[in-house]
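Participant: Have a look at this prediction, sequence included:
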Amino acid sequence: MSQTNFLDEIQEINLAYLLLAQRLLDEDREAAMFRLKIDSDVAELIVSLNARQLTKLARTSQLLCRFSQTSAERLRQLTDNPRDQGLAGLHASLMLATEPFEPMPPGETK
């Protein structure tokens, strides 16, 4: 896969993420902030973006979303869960919900 294809896919993911974030924030701001692991300032900014601004923001070469799980062990616990399928989803939700929210320092991008 060429570098151009990777960049195109990153931009598509970014736009989809931003549109989903806007929709979630419009429906239930508190739940969306919890799920997206963003603070109220970021939530307000995302909601206020128009289509042109969303597209411009999505056209970066970096992913705007990031893993909330920074530990390989935690990810392994989610993927190698021996529980039955019904309980595995609940277990994953509980594990993800217990992950503390740590906003990125100002000026830092990933």
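Facilitator: Structure received.
Participant: Can you give me the buried ones in the longest helix anywhere in the chain?
Facilitator: In the chain, taking DSSP state H as the definition, the longest helix is helix 3-27. Neighbour counts over helix 3-27 (16 or more other C-beta atoms under 10 Å) mark Ile10, Gln11, Asn14, Leu15, Tyr17, Leu18, Ala21, Gln22, Leu24, Leu25 as buried. (Each C-beta comes from the backbone N, C-alpha and C, glycine too.)
Participant: Which residues does the helix or strand following it contact?
Facilitator: Once helix 3-27 ends, the next helix or strand along the chain (criterion: DSSP states H and E) is helix 29-36. Outside of helix 29-36, the residues within contact range by C-beta atoms under 8 Å, 6 or more residues apart in numbering are Ala21, Leu24, Leu25, Asp39, Ser40, Ala43, Ala97.
Participant: run the last query once more with 6 Å
Facilitator: Residues from elsewhere that reach helix 29-36 (C-beta atoms under 6 Å, 6 or more residues apart in numbering): Ala21, Leu24, Leu25, Ala43.
Participant: Need the pLDDT of the second one.
Facilitator: Leu24 carries a pLDDT score of 97 in this model.
Participant: which residue sits closest to it, ignoring its sequence neighbours?
Facilitator: Distance criterion C-beta to C-beta, 6 or more residues apart in numbering; nearest residue to Leu24, sequence neighbours excluded, is Ala32 at 3.7 Å.
Participant: For that neighbour, give its distance to Ile10.
Facilitator: Distance, Ala32 to Ile10, by C-beta to C-beta, to the nearest Å: 22 Å.
Participant: Now for Ile38, which secondary structure element holds it?
Facilitator: Applying DSSP H and E, one finds Ile38 in no helix or strand.
Participant: Could you count how many residues lie near it?
Facilitator: Neighbourhood size, Ile38 [other C-beta atoms under 10 Å]: 18.
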